[in-house]
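Enquirer: Here's a sequence, model it:
(4 chains)
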There are 2 protein chains.
Amino acid sequence: MAYRRTENVVRRLAERAQTILDAAQSIAAESGMGAVQIVPVAHRADIAAGTVYRYFPSKNNLIAEVITSTAGRELAAMREAADAAPGPLSALAACISTFAARALNDRRLTWAVLAEPVDADIDTLRVEFRRAIAGEIAWRINVAISGQHLPDQDARAAAPAVVGALLEGLIGPLASPGRNVREAVQAITLLALRALGVVDARARGLVAQCPLPQNPSATSAPAQSLTQAIRA
Amino acid sequence: MAYRRTENVVRRLAERAQTILDAAQSIAAESGMGAVQIVPVAHRADIAAGTVYRYFPSKNNLIAEVITSTAGRELAAMREAADAAPGPLSALAACISTFAARALNDRRLTWAVLAEPVDADIDTLRVEFRRAIAGEIAWRINVAISGQHLPDQDARAAAPAVVGALLEGLIGPLASPGRNVREAVQAITLLALRALGVVDARARGLVAQCPLPQNPSATSAPAQSLTQAIRA
DNA sequence: TGCGGATGTGAATCAGCATTCAGTCGATCC
DNA sequence: GGATCGACTGAATGCTGATTCACATCCGCA
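Expert: Coordinates of the predicted model:
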C-alpha cells in the first residue's frame, strides 16, 4: 500500500521544484541558456544531478518552465500597464515601455528566453512567447488604428518589427549598456511609436507620461501550465 | 626536395576550398547554422570528412569564412546602393531597403549568419557583422542629421534598433512569409524611416523611389580576410 | 617506370552533456 | 522496533559530433 504524503513532504517537494527552477533561471540570467546544464543547475540547487530528474522529466522540460514562467510574468506586466492607460495610444506606449523597462532590468534573462535558441523542441515555445508579445502589441496597434490614432497599417507585420527593435536596441549585443535606464527606455519607446506613425511631437508627449515600472526583478511568478501562461 | 605546385593543382585546391565553403553556406541557407556539421558538409562537397580539415583548420574557422564572405557581400551591396543615391535621406533609405531586399531573398542564410549563435569563439565575429551593418546605417543617419534631414538623435542607439526591426520584421520566426517581396521591403523601410523621424508623407516618397535590388542570390563573393571584409 | 611528397579517406578517438540506475538514506507505517 | 516506500546520490552509460591519424592514392619528377 502506498504511503501517504505528509503535509511536510508535500511542501518540501514543492519548494525543491521551485528551487531547481530558480537555479535554472538564475543561471540563464547570468550566463545565458547555453549555460543551463543539469550538473550546474543541480549544484546551484544543492542537490545531485539525478535528483533534477525526479522533478523534471528532462532538461528541455525544465527550460520550458523557465520560459513559461518568464513569459507569464512579462505578458501580465505588459497587459496591466496597458490596461491602466487612459487611451489607445497611451496604452500602446505603456505596453511598449513596460516591456522595454523590464527587459532592461533583466537584460540577460530576457535575451536568453526570447533570443537564444536551445533545441528544436523548445524553440516552438520560445517562438510562442515572441508571438504572444508581438500579438499583445499588434492588438494595441489595431485598437489605435481603429480609433484613428495611427495611420492604417498591417499590425501583424509591424508588431514583430517593433519587438525586434526593442530587443536589439536595448538588450542585443550591440546595445550600449551605459545609459540611464529611464532615458534608454524613453528613447526606444519614442522610436517605436514614431515607427508606427505617431508624429514626433505627439510621441514625445506620450513617452513623457509613460509610467516606468520600478525594478521589476525576476521574482518567480507562480508556475502556470505552459499553454495557459502564453494564451493571448 | 619540395615539390612544385602545378598551376593545375593550385587551381584544384582553390576550387575545392571554395566547394567546401559553398557546401557549408548552402547547408546554412537551407537548414541553419546548427546543420552545418562536418560530415554533412563533406558529403555535399563530395569528399571525406577528414579532407575538410586539409582546407580549414576547424569547423569554427569554416563557419567564420561563411560569415565573412556573406558579410562582405551584404555590406558592399548596402554601400553601393547608398552611395548611388542622390541625397542623404535617399542614401539612408537605399541602404535600408537594400539590406531588407537582400535579406528577404536569402532569408535563411541571412538569419543563420546574423542571428544564430554557434559558439562563443564565433559569436564575436557574428556580432562584428551586426555591428558593421548597424555602423553603416548609423553613419548614414548621422549624415542625414547633420544635413537637417532628420531630428537630432543618438544614431549609435537607433541603428541597432533599426537592424532589429528589419531582421525580426522580415526574416524572424514571426515574419509572415507570404507577402510580395517588394511590398514587404517597402513596408519595413517605411517603418524604419518613420522610426528615425522622417514624417510619413516624405518617407512614403523616399520608399517609392528606392531601387529594389533584383534577386541578388548568394553567389559566393571572392574570399577576403576576416577583418578586411568587415572593416567599416 | 618508379620514387617521394602531397592529398584524400573514413574509422577510431575524444569530449561534452543529458540521462539512467544500483545502491544509500530517511520517513511512514504497524 | 523493524519493514517498506520513496526520495536522493553520483558514477556509469550513451549519444552526438568534432577532430585525428594510419593508410591509400595521386601527381610531379627523373
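
Enquirer: Where does chain A get nearest to DNA strand D, which residue?
Expert: A:Gly50 (1.7 Å; Cβ to the nearest atom of the strand). Backbone N, C-alpha and C define where each C-beta goes, glycine included.

Enquirer: If you average the pLDDT over the helix or strand containing that residue, what comes out?
Expert: Using DSSP states H and E, A:Gly50 sits in helix A:49-55. Average pLDDT, helix A:49-55: 98.

Enquirer: Can you give me the buried ones in it?
Expert: Applying a neighbour-count criterion of 16 or more other Cβ atoms under 10 Å in any protein chain shown, one finds A:52, A:55 buried in helix A:49-55.

Enquirer: same for it, what does it pack against?
Expert: helix A:7-31, helix A:38-44 (3 or more Cβ pairs under 8 Å, 6 or more residues apart in numbering or on different chains; DSSP states H and E).

Enquirer: So A:Ser97 sits against A:Leu190, correct?
Expert: No: proximity of A:Ser97 to A:Leu190 does not meet the contact threshold set by Cβ atoms under 8 Å, at 9.5 Å.

Enquirer: More neighbours: which of the two?
Expert: A:Ser97 (30 against 25; other Cβ atoms under 10 Å in any protein chain shown).

Enquirer: can I get the helices and strands packed on helix A:49-55 in CSV with mean neighbour count and mean pLDDT?
Expert: As requested, those are exported to CSV (neighbours: other Cβ atoms under 10 Å in any protein chain shown; pLDDT from 0 to 100):
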stretch, mean neighbour count, mean pLDDT
helix A:7-31, 16, 95
helix A:38-44, 17, 98
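
Enquirer: for those, which one sits closest to B:Gln148?
Expert: Closest to B:Gln148 of the helices and strands packed on helix A:49-55 is helix A:7-31 (Cβ to Cβ; 43.3 Å).

Enquirer: The closest one close to DNA strand C?
Expert: Yes: using Cβ under 7 Å from any atom of the strand, helix A:7-31 reaches DNA strand C at A:8-9.

Enquirer: which secondary structure elements does that helix contact?
Expert: Counting by 3+ Cβ pairs under 8 Å, 6+ apart, helix A:7-31 packs on helix A:38-44, helix A:49-55, helix A:59-83, helix A:107-115.

Enquirer: for the last one, packing partners?
Expert: This points to helix A:107-115. helix A:7-31, helix A:59-83, helix A:120-146.

Enquirer: roughly how far is the second one from the heart of the chain?
Expert: Averaging C-alpha positions (Cα atoms, centre = their mean, to the nearest Å) puts helix A:59-83 5 Å from its chain's average.

Enquirer: So for that helix, mean pLDDT?
Expert: For helix A:59-83, mean pLDDT rounds to 97.

Enquirer: by how many degrees do whichever helix or strand comes after it and helix A:120-146 diverge?
Expert: As assigned by DSSP H and E, the chain's next helix or strand after helix A:59-83 is helix A:88-105. On the basis of axes from the mean of the first three to the mean of the last three Cα atoms, to 10 degrees, helix A:88-105 is oriented at 150 degrees to helix A:120-146.

Enquirer: Helix A:88-105 close to chain B?
Expert: No: Helix A:88-105 lies out of reach of chain B by Cβ under 8 Å from any Cβ of the partner chain, never closer than 10.6 Å.

Enquirer: Let's see that helix as PDB, backbone CA atoms only.
Expert: Listed next in PDB are the C-alpha coordinates belonging to helix A:88-105 (Å, rounded to 0.1, in the frame of the first residue of the first chain):
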ATOM      1  CA  PRO A  88      -5.400  53.700 -27.000                       C
ATOM      2  CA  LEU A  89      -2.200  55.500 -27.800                       C
ATOM      3  CA  SER A  90      -1.000  55.700 -24.300                       C
ATOM      4  CA  ALA A  91      -2.000  52.000 -23.800                       C
ATOM      5  CA  LEU A  92       0.300  51.200 -26.700                       C
ATOM      6  CA  ALA A  93       3.000  53.400 -25.300                       C
ATOM      7  CA  ALA A  94       2.700  51.800 -21.900                       C
ATOM      8  CA  CYS A  95       2.800  48.400 -23.300                       C
ATOM      9  CA  ILE A  96       6.000  49.100 -25.200                       C
ATOM     10  CA  SER A  97       7.700  51.000 -22.500                       C
ATOM     11  CA  THR A  98       6.800  48.400 -19.900                       C
ATOM     12  CA  PHE A  99       8.300  45.600 -21.900                       C
ATOM     13  CA  ALA A 100      11.300  47.800 -22.600                       C
ATOM     14  CA  ALA A 101      11.900  48.700 -19.000                       C
ATOM     15  CA  ARG A 102      11.500  45.200 -17.700                       C
ATOM     16  CA  ALA A 103      13.700  43.800 -20.400                       C
ATOM     17  CA  LEU A 104      16.400  46.300 -19.500                       C
ATOM     18  CA  ASN A 105      16.200  45.400 -15.800                       C
END
